[in-house]
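>>> I'd like to go over a predicted model; first the sequence, then the structure.
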Amino acid sequence: MKIFFLILPLVFFISGQALSEVKVVTSIKPIHSLVANIMKGSTYPKLIVDSSGTPHHYNLKPSQVKAIQNADLIIWVSNTLEGFLKKPIEVNAKKAKKFEILESDKIKRLKIREKIYITRVEDTHHDEHHDEHKDEHKDEHHDEHHDEHKDAHHDEHHDEHHDEHKDAHHDEHHHDHSNMIYDPHIWLDTGNAKIIVKIIAEILANIDPENENLYRANELDTVERIKNLESEIQILLEPVKDSKFIATHDAYYYIENQFNIDSLYHIVNAPEDLMSASTIRNAIKLLETNPGICLFTEPGFDNARMSSTLNKNINEIATLDPSGSLIASGPDHYFEFMTGNARTLNECLKNSK
């Protein structure tokens, strides 16, 4: 019995040591949610933008700068989306491994659509333009290059290979579409979410080999969960396939491309942009020529001004949340906000058809 009590504390000490504490910092809620699923049973990742605010103009707190300094791994989408992180990472993250997701050619990346509203409003043949828009989807996104990536093992995904743009690191603090190459809202494609999970699980296994089996098991569980989510979204959006809508912010290209819906127009480039008189005129013109069309706003917009200016021309209006800013962070966040957006799309588009 004495031997047992002597050994027991040692066993607890050894098993405690086996659970290494990897410090992971993530930028926004959707990415944090995916990482939190991979790290279940290990340490919990740190989230920077844990509020309903936008990452475009975020100010780091001293505690967050310290978290970056101490991090073993930092994960963010892009310097063009979270520009506030670029310099703090360069200056403070000396020891951390860094993963800027949009720089990976394993991710399906869609090129920014510039001034979509000018083309759409001036085109009097909307059906013709819709066909051109669909062809553009095919031309840009179905001539994909499928390299084998042993560490990502994503055979079921459509990986689009683009040239690397090494100089595409900008220090913007907003959506500077004049300098962006790719739309940064990559997490809205569930295929991308699966690829992100696989890449991050691989990185974590390399950083923390003691917990590799845990990360690999969580990877499989999370990918399966995303597949189920994808099926649920498909069921919700199939009845409104090929529907058209107007969005205040051009954030939904990846959803459109994956599930065959189509935004005719966006009013501003980024949520913090003010609506100019010309964009309001263009929006009203398009609403008048497309009676009953659905308009999607989102958290962060001046909805009162939007409604008072445009409401007389709108039959259906609803709110989409491209980053789930109003939903609590955590492992369930990604699945809750993606399902919520799909339901909102279904209800509004179904009523506007």
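The structure has been received and is ready for your questions.
>>> tell me which residues touch the nearest residue to Glu21 once chain neighbours are set aside, please.
Among residues not flanking Glu21 along the chain, Thr43 sits closest, at 5.0 Å (C-beta to C-beta, 6 or more residues apart in numbering). (Glycine included, C-beta is placed from N, CA and C.) Thr43 makes contact with Glu21, Val22, Lys23, Val24, according to C-beta atoms under 8 Å, 6 or more residues apart in numbering.
>>> now for Lys194, how many residues are close by?
By the criterion of other C-beta atoms under 10 Å, Lys194 has 24 neighbours.
>>> please report how far the residue nearest to Glu21 lies from Cys348.
Distance, Thr43 to Cys348, using C-beta to C-beta, to the nearest Å: 40 Å.
>>> how far away is the residue nearest to Arg109 when sequence neighbours are not counted from Thr80?
Using C-beta to C-beta, 6+ apart and skipping the chain neighbours, the partner closest in space to Arg109 is Tyr182 (4.2 Å). Using C-beta to C-beta, Tyr182 is found at 8 Å from Thr80.
>>> so these two - more neighbours on which side?
Thr80 (26 against 21).
>>> the more buried one touches Ile186, doesn't it?
No. Using C-beta atoms under 8 Å, Thr80 is not in contact with Ile186, being 11.7 Å away.
>>> can you give me the strands for the stretch 101-250 of the chain?
In the stretch 101-250 of the chain, the strands defined using DSSP state E, counting those that start in this stretch lie at 244-249.
>>> and the helices in it?
Assigned by DSSP state H, counting those that start in this stretch, the stretch 101-250 of the chain shows helices spanning 116-122, 126-141, 190-207, 212-237.
>>> hey, least reliable of the ones you listed by pLDDT?
Of all these, the minimum mean pLDDT falls on helix 126-141 (a mean of 45).
>>> low-confidence ranges in the stretch 151-300 of the chain?
Regions of the stretch 151-300 of the chain meeting the criterion pLDDT under 70 cover residues 151-179, 270-274.
>>> go with 50
For the stretch 151-300 of the chain, the stretches with pLDDT under 50 are 151-178.
>>> so Ile267, which of the three states?
strand (DSSP: H, G, I helix; E, B strand; the rest coil).
>>> tell me the contacts of it?
Taking C-beta under 8 Å, 6+ apart as the test, what Ile267 contacts is Tyr117, Ile246, Ala247, Thr248, His249, Met275, Thr279, Ile280, Ala283.
>>> so how far is Ala251 from it?
12 Å.
>>> can you tell me how far the residue nearest to Arg109 is from Asp250?
Going from Tyr182 to Asp250 by C-beta to C-beta gives 13 Å.
>>> ok, Pro88 next?
In this view, Pro88 and Asp250 are 28 Å apart by C-beta to C-beta.
>>> which residues does the nearest residue to Ala201 once chain neighbours are set aside contact?
In this structure, Ala201 finds its nearest non-sequential neighbour in Glu219, 3.8 Å apart by C-beta to C-beta, 6+ apart. Neighbour list for Glu219: Ile38, Val197, Lys198, Ala201 [criterion: C-beta under 8 Å, 6+ apart].
>>> wait, the first one touches Ile199, no?
It refers to Ile38. No. Between Ile38 and Ile199 there is no contact under C-beta under 8 Å: 10.2 Å.
>>> which of the two has more residues huddled nearby?
Ile38 (28 against 21).
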